[in-house]
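> sequence? don't have it. structure:
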């Protein structure tokens, strides 16, 4: 019998990834072990990952490469299902390697997954770092 699916919120991952509240980090580790053993089915989504990236960057002031390592480890956690995981892997790589905002990287990965090659934006600086994307700036009327 498959275990019931349960959503996992951002703060659990942050406690585990930063170990800033050791007792809570240990509790999350136990939860993740149970999921890896098939006792639980944990689920989270791309908004949680975006909040993790933002918090690790803005509050914890971690470098992009360290954030990339933490997020990739999370995305590869046995027993944890992350919606859009493939898209998020591409986004976190671009975030770290191209030095762009995570949401811009996510949106560009989403564009590619859905067959788009053009984007209307005023943010030419970040979007110009992606190959195969044509930037369009709306003209003022």
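Okay, I see it. None of these values were measured; they are calculated from a predicted model.

> give the buried residues for the least confident helix or strand in the chain by mean pLDDT.
Every helix and strand of the chain was ranked by mean pLDDT, DSSP states H and E. The lowest is helix 124-127, at a mean of 87. With burial defined by 16 or more other CB atoms under 10 Å, the residues of helix 124-127 counted as buried are 126, 127. In this view, the C-beta of every residue, glycine as well, is placed from N, C-alpha and C.

> swap in stretch 93-113?
Quick answer for stretch 93-113 (16+ other CB under 10 Å): 94, 95, 96, 100, 102, 104, 105, 106, 107, 108, 109, 111.

> same question for stretch 81-89.
So, applying 16+ other CB under 10 Å, buried residues of stretch 81-89: 82, 84, 87, 88, 89.

> would you format these as a markdown table with distance to residue 54 and secondary structure included?
Below are these laid out as a markdown table (distance: CB to CB, whole Å; DSSP: H, G, I helix; E, B strand; the rest coil):
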| residue | distance to residue 54 | secondary structure |
| --- | --- | --- |
| 82 | 17 | strand |
| 84 | 17 | coil |
| 87 | 17 | helix |
| 88 | 14 | helix |
| 89 | 18 | helix |
